[in-house]
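Novice: The following comprises the amino acid sequence and a computationally predicted model.
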2 protein chains.
Amino acid sequence: MSLDTGATDARAKGPGRPRDPEADRAILQATIELLGEEGYDGLSIEAVAARAGVGKTTVYRRWPSKEPLVVDAIKRYKSPEDPQPPREDESTRDALARVLGGFIRAVGRSESGRMMAGLVAEMARNPELAKAVRAGILEHRRSVVFAILQRGIERGEVRPDIDIEVVADMLGGIVMMRVLLTGGAVTPHLIRTAVDTILDGIATR
Amino acid sequence: MSLDTGATDARAKGPGRPRDPEADRAILQATIELLGEEGYDGLSIEAVAARAGVGKTTVYRRWPSKEPLVVDAIKRYKSPEDPQPPREDESTRDALARVLGGFIRAVGRSESGRMMAGLVAEMARNPELAKAVRAGILEHRRSVVFAILQRGIERGEVRPDIDIEVVADMLGGIVMMRVLLTGGAVTPHLIRTAVDTILDGIATR
DNA sequence: CCATTCCGATACGTGGTAGTTGCGATTCCC
DNA sequence: GGGAATCGCAACTACCACGTATCGGAATGG
């Protein structure tokens, strides 16, 4: 897997005026914003150029069409609420609540959550885009939850026979469910309740 | 809440040729199908008319624009896998597995699942549409899960202090997570695992 | 100094969809 | 039978985004 998926990298040196790296940044940022506001279909190159304050030519010089631009924007996207791996001193319960809380803050905030919503429809039809979203946004968060659960098993706080993917998807699923579909409130209390529910179960003992 | 949201109802009788009810049906069916295939943005009235085998005029005579058409189509949509309320003889565990299984079959099948994906982006921007989707598709399923859990509490199979909305959204959430985002497999085994996890919890005892 | 490349801006032709209108034919009520 | 509203079909204008081309100007390397 190469890292030079960047646009400017294609033409690193030689004679002539160099490309403005600031333009790259502004274009990708505008793409992320407009994805949330207009969705994938509603995203137009013209709007991206206008929001980024650059000419349409400057966008087309770097990306041939919408799809590569969006894929690149997602690849480079770093959420301000990136999850941190479990700390040594916190319980599995606290670690799950902390990570889920960060997920909720990220996805509840305008950018990531609305961006995800704008991408869902296209992901069903565009494997390349779906791959980028999964690799760039979802996998990292899932893997942190995996790590927390794995550590919980080693510490004896979590039963070793559970399917950690199912648990991770249930925790993430409730957030996506609320944000994308039901529009229900996503509060700190919800986080605590969800984590407690998944840890303790709902059956009588 | 009135039930006569239908299109033809607006002009019930009087002189002149009556509207063809079959055209209504074909248009709404085509709308549902195309929502899944093209998404909300990609849906065009022309394509709906073509698929339904009617003239564009016939569509515009009934619905003024895309949004009311889609809202109406969702209101009238009945999934072939509508969930059934809990039976007297089955345990809470079995009832949850049965309903979640039906949910997965419905959403995994091309129509409902893809239709949902096609709507998510627009729901974030269109409150009217969001309301129709929630009332017409989500609420029914949620209420059946609520009923199962409530009955489980009364029977003493489920702890009475749980938040049934959280539980319902975790169960539904894992399905949406897989179908809409991760693309992971949705198998009968997954259902069983998810139900067992939510009932028994993951913490050691 | 000069070729080269990038910059923002503008103009252009193309294609697809939105709605509207007109047409002849059809099907109802009175 | 006659008026009225329907039907499918096609033509039409209006609009918007695409992608390309062109412009004068700016920034680099040789």
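Specialist: Done, it's in. None of these values were measured; they are calculated from a predicted model.
Novice: Any idea how many residues pack against the nearest residue to residue A:98 once chain neighbours are set aside?
Specialist: Closest residue to residue A:98 apart from its sequence neighbours, by CB to CB, 6 or more residues apart in numbering or on different chains: residue A:90 at 7.2 Å. (Glycine included, C-beta is placed from N, CA and C.) Residue A:90 has 13 neighbours, counted by other CB atoms under 10 Å in any protein chain shown.
Novice: try residue A:17
Specialist: Around residue A:17 there are 5 residues (other CB under 10 Å).
Novice: got the contact list for residue A:146?
Specialist: A:164-165, A:168 (CB atoms under 8 Å, 6 or more residues apart in numbering or on different chains).
Novice: change it to 6 Å
Specialist: residue A:164 (CB atoms under 6 Å, 6 or more residues apart in numbering or on different chains).
Novice: Distance check, residue A:46 against residue A:26.
Specialist: 15 Å (CB to CB, to the nearest Å).
Novice: neighbour-wise, which of these two wins?
Specialist: Legend: neighbour count by other CB under 10 Å for residue A:46 and residue A:26, higher for residue A:26 (18 against 10).
Novice: Is that one in a helix, a strand, or coil?
Specialist: helix (DSSP: H, G, I helix; E, B strand; the rest coil).
Novice: Chain A against DNA strand C: which residues are in contact?
Specialist: A:11, A:14-20, A:23, A:53-58, A:61 (CB under 7 Å from any atom of the strand).
Novice: and which of those is nearest to residue B:154?
Specialist: The shortest approach to residue B:154 among the residues of chain A next to DNA strand C belongs to residue A:53, at 62.1 Å (CB to CB).
Novice: what's the closest non-adjacent residue to residue A:177?
Specialist: Counting by CB to CB, 6+ apart, the residue nearest residue A:177 is residue B:173, at 3.9 Å.
Novice: surely the one you found meets residue A:175?
Specialist: No: taking contacts as CB atoms under 6 Å, residue B:173 lies outside contact range of residue A:175: 7.5 Å.
Novice: Ramachandran coordinates for the most centrally placed residue in chain A?
Specialist: Central residue of chain A (CA atoms, centre = their mean): residue A:137, 3.0 Å from the mean position. Backbone torsions for residue A:137, taken as degrees, to the nearest 10, come to phi -120, psi -50.
Novice: circling back: which among the residues of chain A next to DNA strand C end up buried?
Specialist: Buried by 16 or more other CB atoms under 10 Å in any protein chain shown: A:19, A:23, A:54, A:58, A:61, out of those.
Novice: Same list, those, but as a markdown table with secondary structure and pLDDT please.
Specialist: Output for these, formatted as a markdown table (DSSP: H, G, I helix; E, B strand; the rest coil; pLDDT from 0 to 100):
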| residue | secondary structure | pLDDT |
| --- | --- | --- |
| A:19 | coil | 93 |
| A:23 | helix | 96 |
| A:54 | coil | 97 |
| A:58 | helix | 97 |
| A:61 | helix | 96 |
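Novice: Pull the most distant pair out of those residues.
Specialist: Largest pairwise distance in those, by CB to CB, is 11.0 Å, between A:19 and A:54.
Novice: Around chain B, pick out the residues from chain A.
Specialist: Proximity of chain A to chain B, by CB under 6 Å from any CB of the partner chain, involves residues A:39, A:41-42, A:114, A:117-118, A:120-121, A:124, A:158-159, A:162-163, A:166-167, A:169-170, A:172-174, A:176-177, A:180, A:193-194, A:197, A:199-204.
Novice: Can I have the buried ones of the residues you listed as a PyMOL selection?
Specialist: Those of those that count as buried under 16+ other CB under 10 Å are selected in PyMOL with:
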select buried, chain A and resi 39+41+42+114+117+118+120+121+124+158+162+163+166+167+169+170+172+173+174+176+177+180+193+194+197+199+200+201+202+203
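Novice: Which ones among the residues of chain A next to chain B map onto helices?
Specialist: A:39, A:41-42, A:114, A:117-118, A:120-121, A:166-167, A:169-170, A:172-174, A:176, A:193-194, A:197, A:199-200 (DSSP state H).
Novice: Quick one: distance of the host helix or strand of residue A:60 to the chain centre.
Specialist: Per DSSP states H and E, residue A:60 falls inside helix A:56-62. Centre-to-centre, helix A:56-62 and its host chain are 26 Å apart (CA atoms, centre = their mean, to the nearest Å).
Novice: Next: stretch A:44-63.
Specialist: Distance, centroid of stretch A:44-63 to centroid of chain: 24 Å (CA atoms, centre = their mean).
Novice: Over to stretch A:190-204?
Specialist: That offset, for stretch A:190-204, works out to 25 Å (CA atoms, centre = their mean).
Novice: With just CA atoms, put the least confident helix or strand in chain A by mean pLDDT into PDB.
Specialist: When each helix and strand of chain A is scored by mean pLDDT, DSSP states H and E, helix A:110-123 comes last, with a mean of 87. The C-alpha coordinates for helix A:110-123 follow below in PDB (Å, rounded to 0.1, in the frame of the first residue of the first chain):
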ATOM      1  CA  SER A 110     -21.800  18.300  12.200                       C
ATOM      2  CA  GLU A 111     -18.900  17.200  10.200                       C
ATOM      3  CA  SER A 112     -18.200  13.400  10.600                       C
ATOM      4  CA  GLY A 113     -21.800  12.400  11.100                       C
ATOM      5  CA  ARG A 114     -23.300  14.300   8.300                       C
ATOM      6  CA  MET A 115     -20.500  13.300   6.100                       C
ATOM      7  CA  MET A 116     -21.200   9.600   6.800                       C
ATOM      8  CA  ALA A 117     -24.900  10.100   6.100                       C
ATOM      9  CA  GLY A 118     -24.000  11.700   2.800                       C
ATOM     10  CA  LEU A 119     -21.800   8.800   1.800                       C
ATOM     11  CA  VAL A 120     -24.000   5.800   2.800                       C
ATOM     12  CA  ALA A 121     -26.100   5.800  -0.300                       C
ATOM     13  CA  GLU A 122     -23.100   5.900  -2.600                       C
ATOM     14  CA  MET A 123     -21.300   3.300  -0.700                       C
END
